[in-house]
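[1] Can you look at this prediction? I've put the sequence above it.
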Amino acid sequence: MVKGGKKYLEAFAKVDRDNVYSVAEAIKLVREVSYSSFDGTVELHLRTNLDPRRADQAIRGVVRLPNGLGKTVRVLVFAAGEAARIAEDAGADFIISDDEGVQKIMNGWVDFDVAIAVPDMMRHVGRLGRVLGPRGLMPTPKTGTVVPEDDLAQVVDETKAGRVEYRLDRSGNIHCPIGKVSFPEEHLNENMAAIMSTIRRARPAAAKGLFVRRVTLAPTMGPGIKVDPAEALAMETA
């Protein structure tokens, strides 16, 4: 028996739990079953057959969503001198260029969504692993958040526009936002296609059998909707 409030039960009743929906059907339905009073986020959840304990299967990377995320992304950049000026001109919300700023984070300040660093600042950033690492905020080359000065402006701009990270968690799952409930269906479809095509290309050579076993779309508040994994994996960006 399904338990929950009246709004949840009404939303839950719209979803056939035994059905696997097409991408188009799922995107349409996920907007209908959202019952939050605010503009919720549509989340994409993937259950893979990857083993996160194996380094050759722990995939991680970034995707630039063609239609953004529909929210303000607060970007912090670790940079000094000319690189700091470039970051400021590109629209970075916060810039840390000295030990005082690093100490502020060590004291617990993490009021930002993404951290980017130029390589020569990593000697300072390395001290912040215990604070930023567990929050998924540590700059790394693998996620494209440690970048040379020449690429800094572009990365800051893309991040604020909607550049999201995907990573395999300890349970072998991947979770990514694909936009807001208020987005047109075609925008959600395009964002989902960007993520799915990127993850498909990132499939490790060591992966065996069915790479993605289950695909689910869900709003911030509302039930999950199962999506045909084969169709989802075949999605291509325009």
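    Looks like it came in fine.

[2] Next secondary structure after the lengthiest helix in the chain?
    Using DSSP state H to define each element, the chain has its longest helix at helix 185-201. Beyond helix 185-201 on the C-terminal side, the first helix or strand identified by DSSP states H and E is strand 212-219.

[3] Show me the shaky parts of this structure.
    1-4, 238 (pLDDT under 70).

[4] Strands of that one, residue ranges please.
    41-48, 60-64, 75-78, 94-96, 114-117, 163-167, 173-180, 212-219, 225-227 (DSSP state E).

[5] Now render those strands as CSV, adding distance to residue 104 and mean neighbour count.
    For the C-beta atoms, the positions are set from N, CA and C on the backbone; glycine is no exception. Converted to CSV, the strands of the chain look like this (distance: least, C-beta to C-beta, whole Å; neighbours: other C-beta atoms under 10 Å):
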stretch, distance to residue 104, mean neighbour count
strand 41-48, 29, 21
strand 60-64, 26, 17
strand 75-78, 11, 27
strand 94-96, 8, 20
strand 114-117, 13, 25
strand 163-167, 23, 19
strand 173-180, 28, 21
strand 212-219, 35, 20
strand 225-227, 42, 23
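
[6] I'd like the ones you listed written out as TSV, with distance to residue 154 added.
    As requested, the strands of the chain are exported to TSV (distance: least, C-beta to C-beta, whole Å):
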stretch	distance to residue 154
strand 41-48	25
strand 60-64	10
strand 75-78	13
strand 94-96	17
strand 114-117	11
strand 163-167	10
strand 173-180	21
strand 212-219	30
strand 225-227	32
